[in-house]
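*Asks:* What would the 3D arrangement of this be:
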Amino acid sequence: MLGHGFARDEAGGVATMVAAAGTLLCVLAAIVVDLAGLALAGRSLQGAADLAALSAAANLDRAELAAEATAQANLGGVSVLVATGRYTPDATRPPPERFSPADTPPNAARVTLTRSAPLYFGRWILGRSDLVMSRTATAATPAEPPRAMFSIGSRLARLEGGLANQLLTSLTGSSVNLSVMDYEALADAEVNLLGFFDALAADLDVEAGRYDQLIDRQVEVGRALGVLQALAGDQADSALSKLTGPASNVTVRLGDVIGLEADARSGLAEGLDASVSVLDLAMAMLETGGDRQVKLALGARPGLAAITVDLAIGERPNRSPWLTVTGESQPIIRTAQARLYVRARTAQKLSGLAQVDLPILIELAASEARLDAIACEPDRVTLGVRPGLVTVALGQVNQADLDDFTRDLTPTPATVLNAVGVVRLIASGEVEVADPAFRATRFDASDIADQSIKTVTATGLPSGLIASLFGRLNVTVQVVGLPLGLGGLVSALGTLLAPLGPVLDGAIHPLLDMLGLKLGEADVKVHGVTCAAADRPPVLVG
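*Replies:* Model (predicted):
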């Protein structure tokens, strides 16, 4: 019975449990000590890898030597592996894919350090006295992409102050009286768009840097021009002071002037960090927010008794703003589409019968310019430029539909001469110029320094569109309601109109210059190029 009593004896059970628990605690303590040692070793190894990567990125021409020296100086006895290549800060890529080894020219270095870390107690568990550890770090020179600012639009080679004032008076609804020197000052003065937006945000009490809120704001153009006046300097101060009051009648949503595509990851900041002409910016705001259908009197010209123009300014393509910052943080600038309905009357009578009335419809699609390429040292910029489609037709249209750009206007044959209902001349004709492709336009360093303007002309553009139209008219002569082939009268009409084509072309160009529009042409200029600084210190990247 001795064995049976021993089995029921519970004395010493606690001691057994304590002994087992103590053994487990010793094992856990040993593991904790080794894990802490490994963590400390890994942290030291990562720190040395970071320093070695920074040293290698700062000395890419001798990256291996620089990384080796730095690693050994900070943590001896390590194996060093160095790779140079290009780092692309693209948030859409996983971090390991942003570094491309061996890509040229290199702007980054990746360093991997390998070292054995000792095990103090784990050797009895794992059967080994150390553990091999590796840590990697990547450093790159923070090279921001080069930027260029360009414009497509107004050129004041043929500016007429009176006509320009008529246009601005119609756009603002208030009297504008600027001199030719004022317009030239506005065209020559430049302002940094990012600085303008920051100053405007402060004036409107919008949080600094919140451009997404700013572009949704409605603002008086006069108030915006007041902010612009403080930034433009003395050169344009007088002209802007004269324009600020009349422009207070116009309200514009800033996002309709300057906007960004949905995938523009860096927002507006990068695309706006460049300068534009004060005149271009002011005209973009007034065209967008002002009265888009205006009536202008161009006065008498040689051979013409009078010229009147109904002008309708339409949207930019796809309702795009004047300037759009793309997903690549590059700007695209577009002119507006426009329609001009010109009515001119000849000063002379045709064959002694009556003066000739000329109704002419001019339709201009928007021109576009985009940034295709930038090269540094020396600076070179390539723009893709597409002049807009131009149609010039002689015929009658419903003026009520002139500003409805969703509807095609089809001119009907016009009665250009009516001699008391006895003799009538009915005429029609059309000239169209289309250039659907973007054409590469290159600016070298001297072009940029000289602020040269380059004109891109649509393929097949005649020397004068209206003059060309007059040479292609289809004319029918009616006498007391009967069509007759009076060739002499048709010939006389051609002789009368021949010298008037260049006159009308010359009358229309100054108006289009102010709007930044051209008949089959696009004027572009590169204002400046900003390249990344080469001496910026490298930084650790993901």
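*Asks:* Touching stretch 59-75 from outside, list them.
*Replies:* 44-45, 47-49, 51-58, 78, 80, 82, 84, 106-107, 109, 111, 113, 115 (CB atoms under 8 Å, 6 or more residues apart in numbering). Yep, even glycine has a C-beta here, placed from its N, CA and C like the rest.
*Asks:* out of those, which are inside helices?
*Replies:* 44-45, 47-49, 51-58 (DSSP state H).
*Asks:* so where is the stretch 51-200 of the chain shaky, pLDDT-wise?
*Replies:* 91-92, 121-127, 143-147, 149, 151, 153-161 (pLDDT under 70).
*Asks:* what about stretch 38-48, distance to the chain center?
*Replies:* 47 Å (CA atoms, centre = their mean, to the nearest Å).
*Asks:* To clarify, my last question referred to stretch 172-180.
*Replies:* Worked out by CA atoms, centre = their mean, stretch 172-180 lies 29 Å from the chain centre.
*Asks:* Just the terminal-to-terminal distance for it.
*Replies:* 19 Å (CA to CA, to the nearest Å).
*Asks:* circling back to that earlier point, report the buried members of the contacts of stretch 59-75.
*Replies:* 44-45, 48-49, 51-57, 78, 80, 82, 84, 106-107, 109, 111, 113, 115 (16 or more other CB atoms under 10 Å).
*Asks:* Distance-wise, check the nearest residue to K525 once chain neighbours are set aside relative to D435.
*Replies:* Of all residues not flanking K525 in the chain, I453 sits nearest, at 4.8 Å (CB to CB, 6 or more residues apart in numbering). For I453, the distance to D435 (CB to CB, to the nearest Å) stands at 19 Å.
*Asks:* These two - which one has more neighbours?
*Replies:* Neighbour totals were compared for I453 and D435, and D435 leads with 22 against 13 (other CB atoms under 10 Å).
*Asks:* Show the contacting residues for the more buried one.
*Replies:* 386-387, 389, 458-459, 520.
*Asks:* mind redoing it with 6 Å?
*Replies:* 387, 458-459 (CB atoms under 6 Å, 6 or more residues apart in numbering).
*Asks:* any chance of these in JSON lines, with neighbour count, secondary structure and pLDDT too?
*Replies:* What follows is these, written out as JSON lines (neighbours: other CB atoms under 10 Å; DSSP: H, G, I helix; E, B strand; the rest coil; pLDDT from 0 to 100):
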{"residue": "P387", "neighbour count": "30", "secondary structure": "coil", "pLDDT": "82"}
{"residue": "A458", "neighbour count": "21", "secondary structure": "coil", "pLDDT": "79"}
{"residue": "T459", "neighbour count": "12", "secondary structure": "coil", "pLDDT": "75"}
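*Asks:* and the residues you listed as TSV, adding distance to A365?
*Replies:* Listed next are those as TSV, based on distance: CB to CB, whole Å:
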residue	distance to A365
P387	9
A458	11
T459	15
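*Asks:* closest to L279 among those residues?
*Replies:* P387 (20.7 Å; CB to CB).
*Asks:* Tell me where the stretch 101-250 of the chain has strands.
*Replies:* 108-118, 130-140, 147-152, 190-192, 218-220 (DSSP state E, counting those that start in this stretch).
*Asks:* I meant to write the stretch 301-450 of the chain there.
*Replies:* According to DSSP E, counting those that start in this stretch, the strands that the stretch 301-450 of the chain contains are 304-313, 323-325, 331-334, 338-350, 354-364, 368-375, 380-386, 390-394, 414-419, 423-433, 439-443.
*Asks:* which residues are contacting the fifth one?
*Replies:* When contacts are defined by CB under 6 Å, 6+ apart, strand 354-364 is touched by residues 338-346, 349-350, 388, 390-394, 396-397, 411, 414, 416-417, 419, 517.
*Asks:* neighbouring strands for it, and are they parallel or not?
*Replies:* strand 338-350 (antiparallel), strand 390-394 (antiparallel) (DSSP bridges).
*Asks:* so that strand versus strand 423-433, what angle?
*Replies:* Relative orientation of strand 354-364 versus strand 423-433 (axes from the mean of the first three to the mean of the last three CA atoms, to 10 degrees): 20 degrees.
*Asks:* do the longest one as well
*Replies:* Orientation note: strand 338-350 sits at an angle of 140 degrees relative to strand 423-433 (the same axes, to 10 degrees).
*Asks:* Distance from the chain centre to strand 338-350, please.
*Replies:* The mean C-alpha position of strand 338-350 is separated from the chain mean by 38 Å, CA atoms, centre = their mean.
*Asks:* Let's test this: mean pLDDT of that strand, rounded?
*Replies:* The average pLDDT within strand 338-350 is 88.
*Asks:* And the second one, by the same measure?
*Replies:* Taken as a whole, strand 323-325 has an average pLDDT of 59.
*Asks:* Then the first one?
*Replies:* Average pLDDT, strand 304-313: 85.
*Asks:* and that strand, what does it pack onto?
*Replies:* strand 293-297, strand 338-350 (3 or more CB pairs under 6 Å, 6 or more residues apart in numbering; DSSP states H and E).
*Asks:* Need the residues that contact that strand.
*Replies:* With contact meaning CB under 6 Å, 6+ apart, strand 304-313 is reached by 287, 292-298, 300, 336, 338-345, 347, 399, 402-403, 507.
*Asks:* can you pull the buried residues of that strand?
*Replies:* Neighbour count says strand 304-313 has 304, 307, 309-313 buried, by 16+ other CB under 10 Å.
*Asks:* Could you export those as TSV, including distance to L131?
*Replies:* Converted to TSV, the buried residues of strand 304-313 look like this (distance: CB to CB, whole Å):
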residue	distance to L131
L304	95
I307	91
V309	85
D310	85
L311	80
A312	78
I313	74
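*Asks:* out of those, who's nearest D90?
*Replies:* The nearest member of the buried residues of strand 304-313 to D90, counting by CB to CB, is I313 at 39.2 Å.
*Asks:* Quick check: beta-bridge partners of the closest residue to A440 other than its chain neighbours?
*Replies:* Of all residues not flanking A440 in the chain, T382 sits nearest, at 5.5 Å (CB to CB, 6+ apart). Here T382 sits in beta bridges with A373, R442, going by DSSP bridges.
*Asks:* Am I right that T382 is in contact with I374?
*Replies:* No. Using CB atoms under 6 Å, T382 is not in contact with I374, being 7.8 Å away.
*Asks:* Can you tell me what sits against stretch 107-126?
*Replies:* 30, 33-34, 38, 41, 45, 48-49, 52-53, 56-57, 63, 67, 71, 78-79, 81-84, 86-87, 99, 129-141, 143.
*Asks:* how about stretch 434-443: buried residues?
*Replies:* 435, 441, 443.
*Asks:* likewise stretch 450-460?
*Replies:* 456-458.
*Asks:* hey, what's R424 bridged with?
*Replies:* Beta-bridge partners recorded for R424 (DSSP bridges): N418, Q478.
*Asks:* show me what contacts it?
*Replies:* 415, 418, 478.
*Asks:* Pull out the buried members of the residues you listed.
*Replies:* Applying 16+ other CB under 10 Å to these flags 418, 478 as buried.
*Asks:* In a markdown table, list the contacts of R424 along with distance to F150 and pLDDT.
*Replies:* Shown next, in a markdown table, are the contacts of R424 (distance: CB to CB, whole Å; pLDDT from 0 to 100):
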| residue | distance to F150 | pLDDT |
| --- | --- | --- |
| T415 | 46 | 90 |
| N418 | 50 | 87 |
| Q478 | 53 | 81 |
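*Asks:* I'd like to know which of the contacts of R424 is nearest to D198.
*Replies:* T415 (57.8 Å).
*Asks:* quick revisit: make CSV from the buried residues of stretch 434-443 and add pLDDT and distance to I362 to it.
*Replies:* Shown next, in CSV, are those (pLDDT from 0 to 100; distance: CB to CB, whole Å):
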residue, pLDDT, distance to I362
D435, 72, 17
T441, 90, 25
F443, 91, 30
